[in-house]
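In: Sequence and predicted structure, then a few things I'm wondering about:
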Amino acid sequence: MAALWPSPVLWNGPAAGTVFNITSFIVAPNSLPYYPAYSPPPSIAPPYTVTFPIANSVSVNSWVLIQGFSSSTGISINNTVAQVVVASGSSFTVVVPFRPASEGTITDSGTVTTINVMFASDTHSRYYEDLRDIEFRNKRGIPKANYAGVDFYFGSRVDTGTKVWGAWAEVPLYYGFYFSLGGIDIDFDKGWRVDDPGIAGIYWRVAGGDNFGIANGTVSTNQGAGVMLDNSACNQGNIVRFSSRNMGMEVENLGLAPGMGMFMLLDCPKDMFPVQFAIDLENTRTAADQGSVNYSTLVMSPPNDLALNLNIVNGIFPNGTLSLTPNTTQRWVGIPALTRNDASGPQGVIPSLVYAPSLTSAGDLGKNYNNGRAMSQCLGDCNIGQLWQYGAQASAFLFTDTAFTALPNATTLFAGQIIAPPSNWKDARGDRYVIDVVYQTGTTGTPNRGATTCRKANVSGQLVCTSADDLTVGQHINVGAITNAMITRLDTSDPGAALLTVNKNVGAISTATPLNYSAPVLGPEIQLPTKSSGAPNSANCPGCTGRSMRTAQAFCTGTAKSSSTLTMFGAGADSASCSSVVMAGSTAQLLMNTNGSLSDLSVRCAHAGVNPSSGVFSIWDLPSGAANSGAGSGVNTGLTVTYGISSADTALFDATHTYSYSKGDLLRIQFTTQPNETLGDCVASFNY
């Protein structure tokens, strides 16, 4: 059967609401078979019967709602809406279109309640069910007990061409649209709506490889879920693929019932097929009229990390901490891994979220788990910004030079990010690879080609700048005496007078002052040794499987001789005065017995120099076969530290330069001094 109803349909049905307290029931195959009245023969007979042995006055063709059972079989028949096919004064029997968890007599406690169903399609109406521009509404003024428990009941597994477009289920006592056996290719669209369902706006009994979508509509509720996906019958391997697009899910003043979520997932905890619910939420939001009520978005019952694959794009799902009276509402309930790792704030703005259980990483957890593993994948080039893992800031490995020329202008690098100079890592061959770590957040490049100027605004902490080009919130800037200030707000209403709010006191900047970025500051360079082509030198690195990194130490004592080029001495030297001039035949040199690379010159002096040019320390290389004729002998390696007037006992570093030396070379540390020098008592070291 296919049908298209006009709007509206009013309901003024008979009284319902008789509740039977059940202590046992009987599940059996429908062997006679029995047919419900909504689907007369010749029909597709529902496969199972459920009999309730209790005194009653119900009649054949009455509708009932089964609830509240707690055994595995009882749970599998909960939320079933069914029609009575056999009735006597001592028992009544209903037929169900699915297979319950087991057969036989089940001892369990629950309720069966008589209800009304406004419309029901029969078991032949599988294809092309078409509900358009129709309102299902209870007549105003009738008792609530007379309300329809279900507005529209789909009596079969639905399929191709079934649509719910512009249909409105208004205040159903329990369910708006009830799918008794799931289906495929179902489409809710074109302004459809459900208001105030008692249990769920859409109820979907998962029955196989199901799929359906809702779009461009609204669910507004005071108690029930927006969508309930029910796989509790545990028919092995069942899965439903469900999508929500451009949907407003509104929670009104009373809030959702305790334990209820806007998307309610009733899973099978023993189902060995890992994914039971594959859900896409695009441009979907949950909104609460009052923050003090329950407005949980997605609830899995019972809790089950493995049952869900979830993909969200541009979703808004708040939690309970936003309200004036905070509560325990959570975006996610019953999915512990998702709850633990969700890094979204209380507002619940989610540009993109992909969740799938880590079945592959956990190994083979069973025959079906490995076959059904779900992996989020990025194939091909993937460009990311700042990286987080488990809600903690992590670091991407950036191939860029220490001057950041490989990065786009105005890139902000955060403390902890790792820089790897490309020349050392891309097709390079050497004894070591070097990396640098950002230890002070900063921004690379130059704003507006250096043409932007700023002055203090009338409000403390604000600047007025001549251009907003290349500027954005989160960048670190320098203006005059202000260094490493972060932009916290940017108002570009007037492009020629952009208003910048920063996290530091602006002070007195009354005239136009050039604006530039505060560049990231790198920590000392780290060098990673590589495996040599030959066997390691066990004398240098006992037990190592590759080449070790070694450190050379040198020192001198006393006040340095003025206006000279002086040498430093190795550890253990008998005489190491800071007045020894570099000269022919000088012995304060280190003989290298392998090829290698110099790096990380460091210097510390107990007494500062007389002026900024004091104490220019450098490493010199005298190649094998060359004689030492004085301070200019050999090659200046470029590793240099100028101590100058730095505070006494401060360590200074050259973590930028490296130099490759050869086996048999002599290395020395020498330094220059100024007239009336005060520098003295210095130590130095380098890695090789």
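Out: Great, that's in hand.
In: Which stretches in the stretch 101-250 of the chain count as strands?
Out: Using DSSP state E, counting those that start in this stretch, the strands found in the stretch 101-250 of the chain span residues 104-115, 117-121, 130-132, 135-138, 150-154, 163-165, 168-170, 175-179, 186-189, 193-195, 200-205, 209-221, 225-230, 239-251.
In: got these as JSON lines, with mean neighbour count columns?
Out: C-beta coordinates here come from the backbone N, C-alpha and C atoms, glycine included. What follows is the strands of the stretch 101-250 of the chain, written out as JSON lines (neighbours: other Cβ atoms under 10 Å):
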{"stretch": "strand 104-115", "mean neighbour count": "17"}
{"stretch": "strand 117-121", "mean neighbour count": "21"}
{"stretch": "strand 130-132", "mean neighbour count": "18"}
{"stretch": "strand 135-138", "mean neighbour count": "21"}
{"stretch": "strand 150-154", "mean neighbour count": "28"}
{"stretch": "strand 163-165", "mean neighbour count": "21"}
{"stretch": "strand 168-170", "mean neighbour count": "23"}
{"stretch": "strand 175-179", "mean neighbour count": "28"}
{"stretch": "strand 186-189", "mean neighbour count": "20"}
{"stretch": "strand 193-195", "mean neighbour count": "22"}
{"stretch": "strand 200-205", "mean neighbour count": "27"}
{"stretch": "strand 209-221", "mean neighbour count": "20"}
{"stretch": "strand 225-230", "mean neighbour count": "26"}
{"stretch": "strand 239-251", "mean neighbour count": "21"}
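In: Nearest to V333, out of those?
Out: The closest of the strands of the stretch 101-250 of the chain to V333 is strand 225-230. By Cβ to Cβ, the value is 12.0 Å.
In: Quick check: which of the strands of the stretch 101-250 of the chain is nearest to W388?
Out: Across the strands of the stretch 101-250 of the chain, W388 has its closest neighbour in strand 239-251 (26.1 Å, Cβ to Cβ).
In: any idea which helix or strand comes after the closest one?
Out: Using DSSP states H and E, the helix or strand that follows strand 239-251 in sequence is strand 263-266.
In: Now do whatever helix or strand comes next after that next one, average pLDDT.
Out: Using DSSP H and E, the helix or strand that follows strand 263-266 in sequence is strand 277-288. The average pLDDT for strand 277-288 rounds to 94.
In: and if you look at stretch 556-576?
Out: Averaging pLDDT along stretch 556-576 yields 86.
In: Over to stretch 115-134?
Out: The average pLDDT within stretch 115-134 is 91.
In: Quick one: end-to-end distance for it.
Out: 22 Å (Cα to Cα, to the nearest Å).
In: T400 and I419 touch, don't they?
Out: Yes: taking Cβ atoms under 8 Å as the definition, T400 is a contact partner of I419 at 5.8 Å.
In: who's more crowded, these two?
Out: Taking neighbours as other Cβ atoms under 10 Å, T400 and I419 compare with I419 leading, 24 against 17.
In: what pairs with the more buried one across the strands?
Out: Note on I419: beta-bridge partners by DSSP bridges are L398, D436.
In: So for it, what's the pLDDT?
Out: Note for I419: predicted pLDDT of 89.
In: how about it, what does it touch?
Out: 398, 400-402, 413, 435-438, 522 (Cβ atoms under 8 Å, 6 or more residues apart in numbering).
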